[in-house]
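Q: Sequence and computational prediction follow.
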Amino acid sequence: KNQVEQSPQSLIILEGKNCTLQCNYTVSPFSNLRWYKQDTGRGPVSLTIMTFSENTKSNGRYTATLDADTKQSSLHITASQLSDSASYICVVSAEVPGNQFYFGTGTSLTVIP
Amino acid sequence: DAGITQSPRHKVTETGTPVTLRCHQTENHRYMYWYRQDPGHGLRLIHYSYGVKDTDKGEVSDGYSVSRSKTEDFLLTLESATSSQTSVYFCAIRDRVITGYTFGSGTRLTVV
């Protein structure tokens, strides 16, 4: 069964600290993996997209990694800011006709002063 | 969000009444989607469209219908709203696989 699991479910960190969010998937055949940031009361916004051949991709203070062999991805946030408080959602798409997208339930990150 | 708007943003309705949510895009994207988001479930696909008058069901389509008479508009209808349909509904559009989704800002629907 195609699934996407994220951990931890929630996380609280101090402003300025780093953190890493995890995404494990069983989606096959794999097409690509995206990380989205969802602020409270808003729709998700794409942070990064990674294809099979990519191991690391950065977007400012956000760095995503992908290990296609172990089917794991991580999102590392450096020098966290209060504005990083949000839900982070991992989405994996399958290489099938019409494409199929599988959503994780997200990690809720709270950055406190 | 740029290029995609949802209306209304908030709605409270009574059980048994029909409700229609609207998604409008200005990007001329082929694919449009309706998702619902509930605590502990993440985003779940209700229906999607791959062109005018071309729609298909998602994993949680029971109790919902959709219509797409124009490229820019995708309507989600709850024929007879139930309390279990209280949720936040997101519309999304997509051009090509590699571009991913662009989501609307959501509609918070409460069925009392």
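A: Nice, I can see it. These numbers come from a predicted model, not from an experiment. Residues are numbered from 1 along each chain as shown, chains lettered A, B, ... in the order given.

Q: and for stretch A:45-61, what are the contacting residues?
A: A:30-39, A:62-68, A:73, A:75, A:77-81, A:84, A:88, B:1, B:98, B:100-103 (C-beta atoms under 8 Å, 6 or more residues apart in numbering or on different chains). All C-beta atoms are positioned from the backbone trio N, CA, C, and that covers glycine.

Q: List only buried entries from the residues you listed.
A: With burial judged by 16 or more other C-beta atoms under 10 Å in any protein chain shown, the buried subset of the contacts of stretch A:45-61 is A:30-38, A:62-66, A:68, A:73, A:75, A:77, A:80, A:84, A:88, B:1, B:100-103.

Q: How about the contacts made by residue B:3?
A: Each residue near residue B:3 by C-beta under 8 Å, 6+ apart is listed here: B:25, B:26, B:27, B:93, B:102.

Q: thought the second one was touching residue B:70?
A: When you say that, I think you mean residue B:26. No. Between residue B:26 and residue B:70 there is no contact under C-beta atoms under 8 Å: 11.8 Å.

Q: Identify the residue nearest whichever residue of chain B sits closest to chain A in space, chain neighbours excluded?
A: Taking C-beta to the nearest C-beta as the measure, chain B has residue B:103 as its residue closest to chain A, at 3.2 Å. Distances taken as C-beta to C-beta, 6 or more residues apart in numbering or on different chains place residue A:43 nearest to residue B:103, at 3.2 Å, with adjacent residues excluded.
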